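**Student:** no FASTA, just this:
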């Protein structure tokens, strides 16, 4: 019977990580956003010893852990990892073959209501907090970062609950509804509720109201594209909110020429 793999817990420092990465000439291409997110958790002291392993085959070649080890090097810190030595090289085909647990899955296990919506709202809220207005994927919040945000801002649960209720009635994505409610509530909680409810049902809304223009614009986008772009939907909703708060009448909602960027993105007022 062949020798079985051995398991140890090691404090992996950048030098050790670089050594193991050097024994990994043929692994998959790095997903930079994944490395960045791991490195942020490590640098913040939030990296968890959660049972996932770094795997080395019998020849010492790295067959799993490339992104985690690259993050150790990038963060310049030492973190504990479970390391398995002596794995059959042929086992590479079975690594990471299962379904990855999402933050929504983690929220469901914690007993949160509307876990999928809460996860999507938390993701966009963390991005907003870090200055990322457009959904470019340049920042991919980690589960630890999103959980810390939810715990520090418990009212985001109320925003997610409202978004979950309105998403079936409204043509905007639930993440947009929830983030807008969270942001607008900082300015006027009662008006935030009223505004988004009126966007959802359209009752008693005048044709020249920014709310009516938003509803019409979103409907046209749905008809032509089938799905509302998160970034455009968010910008349109904020522009409509600002015009509504200012008591303005509108026939259209303008977007910046050349497209939306972090620099020209509207801010709630």
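**Tutor:** Right, received. Where do you want to start? Remember, it's a predicted structure, so these values are computed and weren't measured experimentally.
**Student:** Flag every buried residue along the top strand by length along the chain.
**Tutor:** The strand that spans the most residues within the chain, counting by DSSP state E, is strand 79-87. Using 16 or more other Cβ atoms under 10 Å as the test for burial, strand 79-87 gives 79, 81-84, 86-87. C-beta here means a position set from N, CA and C on the backbone, and glycine is covered the same way.
**Student:** What strands line up against that strand, and which way round?
**Tutor:** Take DSSP bridges as the rule and strand 79-87 pairs in its sheet with strand 6-12 (antiparallel), strand 53-57 (parallel).
**Student:** Which elements pack onto the helix or strand just after that strand?
**Tutor:** Using DSSP states H and E, the helix or strand that follows strand 79-87 in sequence is helix 103-109. Contacts defined by 3 or more Cβ pairs under 8 Å, 6 or more residues apart in numbering; DSSP states H and E place helix 103-109 against helix 115-129, helix 143-152.
**Student:** who wins for proximity to residue 63 among those helices?
**Tutor:** helix 143-152 (24.6 Å; Cβ to Cβ).
**Student:** what comes up buried for the closest one?
**Tutor:** Buried, per 16+ other Cβ under 10 Å, within helix 143-152: 143-150.
**Student:** who's in contact with the residue lying closest to residue 148 once chain neighbours are set aside?
**Tutor:** Leaving aside its chain neighbours, residue 148 sits nearest to residue 46 (7.7 Å; criterion: Cβ to Cβ, 6 or more residues apart in numbering). Shown here is residue 46, whose contacts under the criterion Cβ atoms under 8 Å, 6 or more residues apart in numbering are 142, 144-145, 148.
**Student:** can you do 10 Å?
**Tutor:** 40, 142-145, 147-148 (Cβ atoms under 10 Å, 6 or more residues apart in numbering).
**Student:** Likewise for residue 70?
**Tutor:** Neighbours of residue 70 in contact, by Cβ under 10 Å, 6+ apart: 17-18, 21, 24, 30-32, 34-36, 38-39.
**Student:** try 7 Å this time
**Tutor:** Counting by Cβ atoms under 7 Å, 6 or more residues apart in numbering, residue 70 touches 21, 30, 35.
**Student:** Please, which helix or strand holds it?
**Tutor:** helix 66-75.
**Student:** now that helix and strand 79-87, what's the angle there?
**Tutor:** 140 degrees (axes from the mean of the first three to the mean of the last three Cα atoms, to 10 degrees).
**Student:** can you give me how far the host helix or strand of residue 191 is from the chain middle?
**Tutor:** When elements are assigned from DSSP H and E, residue 191 belongs to helix 189-201. Distance of helix 189-201 from its chain centroid, counting by Cα atoms, centre = their mean, to the nearest Å, is 25 Å.
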